[in-house]
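Novice: prediction below, plus the sequence it came from.
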Amino acid sequence: MTKIHYYQIALRWDGNLGQGTQHYRAYSRDYIVAAINKPTLLGSSDTSFRGDAQRWNPEEMLLSALSACHQLWYLHFCSVNHINVLQYEDQASAEMLEHASGAGEFRVVRLKPNVLIDQHSDPQLAYQLHEKAHEFCFIARSVNFNVTLQPHIRQHTDID
């Protein structure tokens, strides 16, 4: 059975410094993202585009969404396949190409999960489940650029 899920946020620009957008340097790129029952997210553009480095930019949020989605699917598949994950970290990175016109696009996202599994789990299966998680990740399935995986699996031993 196919299901449709709906998501809703509210975005409000809070960067009017008194002149609106009268000229390129007259306004801040700051905005606020809100959703019901969630903490407010403070956003801005990347510092390369006159943004505030203390706030999340859309590029970081997209990278975070890809990393988190992969992690959630991976943990699910490990759980149902008797792989006991003890730790999971990802040092994800992305490349975005900016054209002379100012337009741009992501070229690639690299997910680099570093996973610690218990001594009774199958490391080979733990590696394979990354591919399955990638196939199921809603966000990765929705983007038009490459999302690559470079997983590293470590197995916990009694001497760890």
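Specialist: Here it is on my side, so go on. Residues are numbered from 1 along each chain as shown.
Novice: any idea which strand is longest in this structure?
Specialist: strand 104-111 (DSSP state E).
Novice: so which other helices or strands are in contact with it?
Specialist: With contacts taken as 3 or more CB pairs under 8 Å, 6 or more residues apart in numbering; DSSP states H and E, strand 104-111 sits against helix 58-80, strand 93-98, strand 146-149. Just so you know, the C-beta spots here come from the backbone N, C-alpha and C atoms, and that holds for glycine as well.
Novice: quick one: strands adjacent to the second one?
Specialist: Here the strand partners of strand 93-98, with direction, are listed using DSSP bridges: strand 104-111 (antiparallel).
Novice: could you list the alpha-carbon positions for the strand it pairs with in PDB?
Specialist: Below are the C-alpha coordinates for strand 104-111, written out as PDB (Å, rounded to 0.1, in the frame of the first residue of the first chain):
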ATOM      1  CA  GLY A 104      25.000  26.200  -8.700                       C
ATOM      2  CA  GLU A 105      24.400  22.600  -7.700                       C
ATOM      3  CA  PHE A 106      25.700  19.900  -5.500                       C
ATOM      4  CA  ARG A 107      28.000  17.600  -7.400                       C
ATOM      5  CA  VAL A 108      28.500  14.900  -4.800                       C
ATOM      6  CA  VAL A 109      27.900  14.100  -1.100                       C
ATOM      7  CA  ARG A 110      30.300  11.700   0.700                       C
ATOM      8  CA  LEU A 111      28.900   9.800   3.700                       C
END
